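Visitor: fold the following.
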Amino acid sequence: MCSDPSTLNDLSWFVCYLTTGKHLSFYASFGTVLLLLAVTAPVALLLGFGGAMLARSRVAPLSWAGQSYISIVRGVPDIAFFLFFVIALDQAFEYVRHRVLCPDWGQAVYQGNDFVVCPAAKLPLSSAPQWEHEVYGFLLAVITFSLVFGAFAANVLHGAMRAVPRAQIETAEAYGMTQRQAFWRVLVPQMWVYALPGLSNLWMVLIKATPLLFLLGVEDIVYWARDLGGSKTPQFTDYPHGDWRMWYFLFLLVFYLAFTKVSEVLLNRLMRRLTHGQAIAGGEAQRKSALEGAA
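Guide: Reported below is the predicted structural model:
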């Protein structure tokens, strides 16, 4: 039916147009964004937890390392960090491979503005299939997103750890707990109540930052929306159309608004669950609401 678009009526034309190979790639790119969030969020949280533990360490070098990680990454604009770090990380990987695989290479690696390594050290190899290039680009994106948002998570968790009353830690130690036991059994379970509002905002920011995948060369939803929505003429496609980018980006707007709304509902439920019975503002509000309902 779609072999000759010029013979189709409007409805059939749009059905065929929306099921082309590029549109199927556009739909699949939503999975790329969701996969990025699913992988990056826990990795960034682990990095944040590690950074927060370093920042509160009593060993000065470790504390300096944690605080430096938080301050440096938070102080650099996201776009600048993304563009710089991806290039630097890619070259670092290739340089290590170059030193291992090509020890007899006679040329300099840095030749003016060019970074030149032996063909065997390239990542991915020039002969590698397309999916390897896509997976490698996605991996670099995950590492970069995780490092950036891990620093913000570390700042949130560090503040949450400090918000837990010190008297509770001292009481636990007075009952015979070691510092490690008090940390894992008293401080960590309670800090999430203080950290969740900041982590919720960070999750929203992470969702809004996913269009930066486009800058990293990953074919995400913004890449395809711009490509498919731009003006198409008959010499480039069988489905010529005007500039439809507004409609494609409007669709992305609805997608992001719906996704953030669902996230907000789920995070509010999680917050109510965590604050249930806690002697903090959220727990007090629930207690008073229950008393008023009983009255």
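
Visitor: show me how far the helix or strand containing residue 27 is from its chain's centre.
Guide: Residue 27 belongs to helix 21-55 when assigned by DSSP states H and E. Relative to its chain's centre, helix 21-55 lies at 4 Å (CA atoms, centre = their mean, to the nearest Å).

Visitor: which strands and helices lie in contact with it?
Guide: helix 60-75, helix 130-163, helix 188-209, helix 221-229 (3 or more CB pairs under 8 Å, 6 or more residues apart in numbering; DSSP states H and E). For every residue, glycine as well, the C-beta is placed using N, CA and C.

Visitor: tell me which of those sits nearest to residue 13.
Guide: helix 221-229 (15.0 Å; CB to CB).

Visitor: tell me how far whichever helix or strand comes after the closest one lies from the chain's centre.
Guide: The helix or strand immediately downstream of helix 221-229 is helix 245-275, counting by DSSP H and E. For helix 245-275, the separation from the chain centroid amounts to 15 Å (computed by CA atoms, centre = their mean).

Visitor: rewinding a little: what angle do the helix holding residue 27 and helix 60-75 make?
Guide: On the basis of axes from the mean of the first three to the mean of the last three CA atoms, to 10 degrees, helix 21-55 is oriented at 150 degrees to helix 60-75.

Visitor: run the angle between helix 21-55 and helix 245-275 for me.
Guide: Using the same axes, to 10 degrees: helix 21-55 against helix 245-275 is 40 degrees.

Visitor: got the buried residues for helix 21-55?
Guide: 26, 29, 32-33, 36-37, 39-41, 43-45, 47-55 (16 or more other CB atoms under 10 Å).

Visitor: avg pLDDT for it?
Guide: Across helix 21-55, the average pLDDT comes to 92.

Visitor: which residue comes closest to residue 177 once chain neighbours are left out?
Guide: Nearest non-adjacent residue to residue 177, counting by CB to CB, 6 or more residues apart in numbering: residue 185, 6.9 Å away.

Visitor: wait, that neighbour sits on residue 172?
Guide: Yes. Using CB atoms under 8 Å, residue 185 is in contact with residue 172, at 7.1 Å.
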